[in-house]
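Participant: Need a 3D model of the following:
(one chain, ligands or ions: 2)
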Amino acid sequence: MLAHEVEDAPKTVFFHERKGTSNKQLDKLSKKELSRIAHDLLPARQQLPIYGARDEILREVGASDNLIIVGETGSGKTTQVPQFLYDTGLYTRPTPGSSARPMIAIVQPRRVAATSIARRVASEMGVLLGEEVGYAVRFDERMHRGVTALKYLTGGMLLREALLDPLLREYSVVILDEAHERTAQSDILLGLLKRIATRRAAAPKAAPGEQQPPAGGAPPGQPEEQPSSTPLCPLKLIVMSATLDAEKFASFLGGARTLHIRGRQFPVEVFYTGTPVTDYLDAATTCVTQLHRELPPGDMLVFLTGEEEIATVTTLLQERAASFMAALSHQVDPGADGRPDEDDEDGEAGGIPEGEQDLDGADGAIPAAPRSGAQGPAPKQAPAASEEEGLIGPTTLGTTLRMAVRPIYGALPFEKQQLVFEPAPPGTRKVILATNIAETSLTISGIRYVIDTGLVKQRAFHPHTGMDSLLVSPISRDAARQRAGRAGREAPGRCYRLYTEETYQKELQEHTVPEILRCNLAAFVLQLKCMGIEDVGAFDLIDRPTEAHLAQATATLVRLGALTPQGALAEPLGRQMAAFPLDPPFAKAIIVSQHLGCTSELLSITAMLSVENVFFTPPSEDGRQRALRARAQFMAPEGDHLTLLRAFEAYAATARLDLRRPPPRALRGLTGAECLPATARTRGVAHWCREHFLNQRSLERVWAVRLQLAGYCAQLGLNPGLATTGPAATAAVSAKDQGGASLLSRDPAPILKALLSGFPTHLAHRVPNQRAQYKLTTTSEVVGLHPTSSLLATAAARQRGARKRGSSKFKDQAQLGLSSLPESVLYTEYIITTRHYLRTVSAVVPEWADEGPQGVPMPTATLADPEPAAPAAPKQEEPRGAPAAAAPRRSKSKVEVH
Ligand code: CDP
Ligand code: MG
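Facilitator: Ligands and ions are numbered 1, 2, ... in the order given. Below you'll find the predicted structure:
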């Protein structure tokens with residue numbers, strides 16, 4: 001998909017003693033209040049295991065340019081190490097006579113971790129977020145040049161900065177955090193940082209604090225670092241990891257020293273199922289309910305693979321609680337119905353009765369016997385809690401506990417993520433349903449029990465299609481141990497694995513396969529080429545992808561016109577594509593849309609695809625039907641891309657967002673809420689979103705992403721306002737239209753052609769005489785359309801319509817269904833669940849692919865230089881017969897067309 005960054009959930013957001021303080025309030029605190037908070041937090045910080053290693057860390061960093069720090073999750077690496085360095089004043093001393101200040105970068109694999117840890121560290125230091133401590137993640141940045149000294153950022157952001165300044169001169173230290181996760185980004189950064197460190201070591205020396213960071217970043221037109229007369233301080237590199245296996249990092253960095261931080265780890269008793277589980281969601285639900293009855297107080301952490309699963313298990317838990325409570329004719333607090341933007345969505349559920357269901361022997365039985373892996377004694381029995389009125393759920397200990405279900409995953413709105421960190425009220429057991437974000441990058445106190453499904457959703461690469469998809473796959477034994485470890489942070493704990501011991505021993509791999517060996521490398525190859533690294537195959541990496549894997553990425557880029565057939569960077573298209581924080585196909589589609597006059601539409605579609613869960617479906621059958629009906633008005637017969645567009649434009653019209661508004665000059669510092677006009681924050685808009693089963697927060701994020709993308713366009717000299725309907729038409733879409741009539745008149749062809757230019761191989765043709773089955777042009781695999789596709793909905797509606805009219809033409813229903821589905825489709829998502837599906841699919845004419853993609857003339861402006869590029873830039877191939885609709889529309893901006 002789009003994201004270069006793993007979008008996942010946050011760390012602790014607030015200090016618990018100030019429960020209820022919102023981020024907005026935090027941003028307005030006075031100096032005095034800030035210092036008081038920092039003062040209050042100090043004792044806890046000093047108790048962290050990392051404190052004992054402070055002097056040694058500083059000594060090592062001073063003595064050598066590379067250091068590896070290994071320490072259990074929660075030992076204080078991410079929050080404290082940067083502060084240790086900051087406090088010395090050595091690495092962030094402002095440059096004399098200049099406003100520049102060298103920074104310490106702390107690279108996180110997840111955007112939410114970067115933002116929330118930055119907030120935490122700002123609190124610990126008693127400063128406002130965005131001052132001494134800042135962050136930068138894709139589409140969101142909060143920092144103050146010259147003031148910010150500690151910058152938490154994602155790997156994707158640092159890679160982009162390396163495009164602008166190949167020596168990363170703004171930084172004195174780069175800390176690569178969570179390196180054990182081995183994301184492709186972190187592996188590539190490690191290779192790049194090693195290379196940068198060598199180059200900086202060879203450059204004229206300066207003491208830390210005396211270097212001259214480039215003011216505002218060097219223009220990206222430079223393929224390799226310019227010889228600079230400015231002295232540079234050496235780059236210090238610190239790699240931090242939660243797993244003990246750090247030798248690989250050490251040897252990659254030429255025998256770097258490794259410091260082991262002794263964490264607090266209490267024994268965790270491990271349980272397995274006796275027989276394999278077939279339905280792990282049911283098993284997890286059963287396990288939670290039964291353990292809730294039987295175990296002493298202590299919070300539970302359940303590892304699931306994604307948001308949908310978390311919603312399902314939440315519903316299952318509520319249903320079981322509700323049925324029990326109904327039986328008791330008790331007052332129920334039904335908690336979350338999963339509906340977004342309602343304050344009651346905290347998922348409180350009553351306790352689960354004893355004997356409600358027979359769990360023995362069935363699928364989902366609790367892993368009963370501690371078979372092995374027992375790392376210590378069983379937990380002590382907690383004292384029985386007192387009876388509290390209104391709380392349901394007698395446990396075997398005679399206690400009554402309520403259950404508070406708390407989800408945590410990347411796309412969860414920021415405020416809701418906080419709930420997971422707040423201690424459960426007295427008499428309540430917090431049950432946290434999490435994705436693997438909770439494995440190492442997040443510390444939640446109070447967890448005593450872990451339920452591990454043994455699964456994770458991770459990126460998998462299909463060499464044949466060249467596509468990535470998210471695939472539910474077994475975790476590694478390393479990951480299983482990490483998950484179990486979460487139960488033993490504060491006291492002895494238990495881990496219930498929903499798989500057999502045999503599976504653990506024989507089927508799970510010891511280590512997680514590095515992502516770089518199993519993902520699409522096109523974006524990375526393009527970035528390396530833009531940095532002037534020609535021979536990507538020789539680029540030093542801790543684990544190297546195969547030649548064939550790299551060759552495929554290169555072939556994709558050549559096909560898109562980003563590289564020449566010889567594999568060199570194609571100017572300006574390749575560099576322009578790299579300028580967008582998007583996968584190359586989407587960047588290409590946006591650039592091409594400029595010539596097809598539909599950039600506005602492409603920006604909306606791309607932004608919609610980069611945000612999860614815009615459409616909201618309640619779990620109940622009745623709710624599902626209502627949501628489907630509400631959504632029907634956005635359904636475009638041309639397919640899902642146009643449906644997404646309609647939904648967004650209808651929202652934009654309701655919220656009075658100006659799609660023609662010139663993009664912000666500065667891309668920095670804008671967050672979703674800040675760039676929303678007051679018209680988007682009215683009750684009416686919230687009501688409209690609810691009525692249409694659209695997630696308002698997601699849509700607000702789409703708007704923020706879209707604004708940023710528009711900004712990138714403007715920097716490249718592209719006009720983001722070009723639309724097929726013309727500037728006047730969209731303005732005329734009134735709230736009443738709700739994406740209806742006025743959008744129907746739009747010609748979808750240019751939009752789909754632009755998309756196809758980015759995804760020329762993502763075509764599939766319908767298999768004759770089979771309903772909704774399509775054959776991929778790449779692999780000849782036959783795949784179904786995802787049930788949510790608007791193409792299926794449209795076909796069904798036509799079928800119903802024809803039946804009503806008593807059409808004699810199509811007596812045979814099957815034939816009728818077949819006739820309404822398009823012959824050829826373009827897909828931008830290929831997903832694998834129990835079956836393979838094409839999702840986000842639109843009807844296209846295959847010949848459109850032949851009209852492009854190389855054939856579409858490209859603008860010559862570059863990011864750095866909005867003027868037409870110098871004639872030295874290699875000329876694009878002439879169009880092989882551009883269609884009428886593809887005739888380039890000149891924008892008013894300085895875009896030159898060859
Ligand atoms: O990086 P590592 O897992 O070693 O630990 P950390 O993220 O630096 O967290 C150290 C401690 O700070 C945790 O154990 C939490 O008690 C606390 N913390 C917090 O309360 N809120 C945060 N947002 C981050 C950390
Ligand atoms: Mg950490």
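Participant: Give me the phi and psi for Val174.
Facilitator: For Val174, the backbone dihedrals (degrees, to the nearest 10) come out as phi -120, psi 120.
Participant: go on, the one 10 residues further on?
Facilitator: Ala184 has phi and psi values of phi -60, psi -40 when expressed as degrees, to the nearest 10.
Participant: quick one, what contacts it?
Facilitator: Counting by CB atoms under 8 Å, 6 or more residues apart in numbering, Ala184 touches 514-516, 519, 521, 524. Every residue, glycine included, has its C-beta placed from N, CA and C.
Participant: Repeat that for Glu534.
Facilitator: Glu534 neighbours (CB under 8 Å, 6+ apart): Ala568.
Participant: List the residues that contact the closest residue to ligand 2 within the stretch 101-250 of the chain.
Facilitator: Distance from ligand 2 to each residue of the stretch 101-250 of the chain (CB to the ion) is smallest for Asp177, at 5.7 Å. If you count contacts by CB under 8 Å, 6+ apart, Asp177 has them with 77-78, 106-109, 240.
Participant: Show me those residues that map onto strands.
Facilitator: 106-108, 240 (DSSP state E).
Participant: Could you check stretch 554-572 and say which residues are buried?
Facilitator: Residues of stretch 554-572 classed as buried by neighbour count (16 or more other CB atoms under 10 Å): 554-563, 567, 569-572.
Participant: So which of those reach ligand 2?
Facilitator: Among the buried residues of stretch 554-572, proximity to ligand 2 is found for none (CB under 5 Å from the ion).
Participant: follow-up on the earlier one: got TSV for the ones in strands among the contacts of Asp177, with neighbour count and pLDDT too?
Facilitator: Shown next, in TSV, are the ones in strands among the contacts of Asp177 (neighbours: other CB atoms under 10 Å; pLDDT from 0 to 100):
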residue	neighbour count	pLDDT
Ile106	30	98
Val107	27	97
Gln108	31	93
Met240	25	96
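Participant: Count residues in the vicinity of the residue in the stretch 701-850 of the chain positioned nearest to ligand 1, would you?
Facilitator: Closest residue of the stretch 701-850 of the chain to ligand 1, CB to the nearest ligand atom: Arg701 (21.6 Å). Neighbour count of Arg701, defined by other CB atoms under 10 Å: 23.
Participant: quick one: which of the ones in strands among the contacts of Asp177 is nearest to ligand 1?
Facilitator: Met240 (7.1 Å).
Participant: Bridged to the closest one, which residues?
Facilitator: Under DSSP bridges, the beta-bridge partners of Met240 are Ile69.
Participant: Can you give me every residue that contacts it?
Facilitator: Met240 touches 68-71, 77-78, 81, 175-179, counting by CB under 8 Å, 6+ apart.
Participant: Please list which of those are also close to ligand 1.
Facilitator: The residues of the contacts of Met240 that also fall near ligand 1, by CB under 6 Å from any ligand atom, are 71, 77-78.
Participant: Most neighbours of all the residues you listed, which one?
Facilitator: Most surrounded of these: other CB under 10 Å gives Lys77, at 28 neighbours.
Participant: thinking again about what came up before, which two among the buried residues of stretch 554-572 are spaced furthest apart?
Facilitator: Comparing all pairs in the buried residues of stretch 554-572 by CB to CB, the longest separation belongs to Ala555 and Pro572, at 20.9 Å.
Participant: Do you know the pLDDT at whichever residue of the chain sits closest to ligand 2?
Facilitator: Going by CB to the ion, ligand 2 is nearest to Thr78 of the chain, at 3.3 Å. pLDDT recorded at Thr78 is 96.
Participant: residues contacting it?
Facilitator: Neighbouring residues of Thr78 by CB under 8 Å, 6+ apart: 11, 106, 108, 113, 117, 177, 240, 441.
Participant: which of these lies closest to Ala653?
Facilitator: Closest approach between these and Ala653, by CB to CB: Ala113, at 35.6 Å.
Participant: a helix runs through the closest one, doesn't it?
Facilitator: Yes: counting by DSSP: H, G, I helix; E, B strand; the rest coil, Ala113 is part of a helix.
Participant: Disregarding flanking residues, what is the spatial nearest neighbour of Glu601?
Facilitator: Excluding its sequence neighbours, the residue lying closest to Glu601 (CB to CB, 6 or more residues apart in numbering) is Ile751, at 4.9 Å.
Participant: Which of the three states applies to Val147?
Facilitator: Of the three states, Val147 takes coil under three-state DSSP.
Participant: thinking Met103 is in contact with Thr148, fair?
Facilitator: Yes: using CB atoms under 8 Å, Met103 makes contact with Thr148 at a distance of 6.3 Å.
Participant: Give the bridge partners for the closest residue to Gly130 other than its chain neighbours, please.
Facilitator: Once flanking residues are discounted, Gly130 sits nearest to Arg142: 4.2 Å by CB to CB, 6+ apart. Beta-bridge partners for Arg142, by DSSP bridges, are Tyr135.
Participant: circling back: the host helix or strand of the residue of the stretch 701-850 of the chain closest to ligand 1 - contacts with which helices or strands?
Facilitator: Using DSSP states H and E, Arg701 sits within helix 696-715. Other elements packing on helix 696-715 under the criterion 3 or more CB pairs under 8 Å, 6 or more residues apart in numbering; DSSP states H and E are helix 584-596, helix 599-609, helix 640-654, helix 683-691.
Participant: Now do the buried residues in it.
Facilitator: Buried, per 16+ other CB under 10 Å, within helix 696-715: 696-715.
Participant: Low-confidence bits of the stretch 451-600 of the chain, can you list those?
Facilitator: By pLDDT under 70, the low-scoring segments of the stretch 451-600 of the chain are 461-469.
Participant: residue ranges for the strands of it, please.
Facilitator: According to DSSP state E, counting those that start in this stretch, the stretch 451-600 of the chain carries its strands in the segments 455-462, 467-474, 493-497.
Participant: Tell me which of those sits most buried.
Facilitator: The highest mean neighbour count among those, using mean count of other CB atoms under 10 Å, belongs to strand 493-497: a mean of 26.
Participant: gap between it and the chain center?
Facilitator: Offset of strand 493-497 from its chain centre (CA atoms, centre = their mean, to the nearest Å): 28 Å.
Participant: tell me what that strand is packed against?
Facilitator: In terms of contacts (3+ CB pairs under 8 Å, 6+ apart), strand 493-497 is packed against strand 268-272, strand 447-452, helix 477-485.
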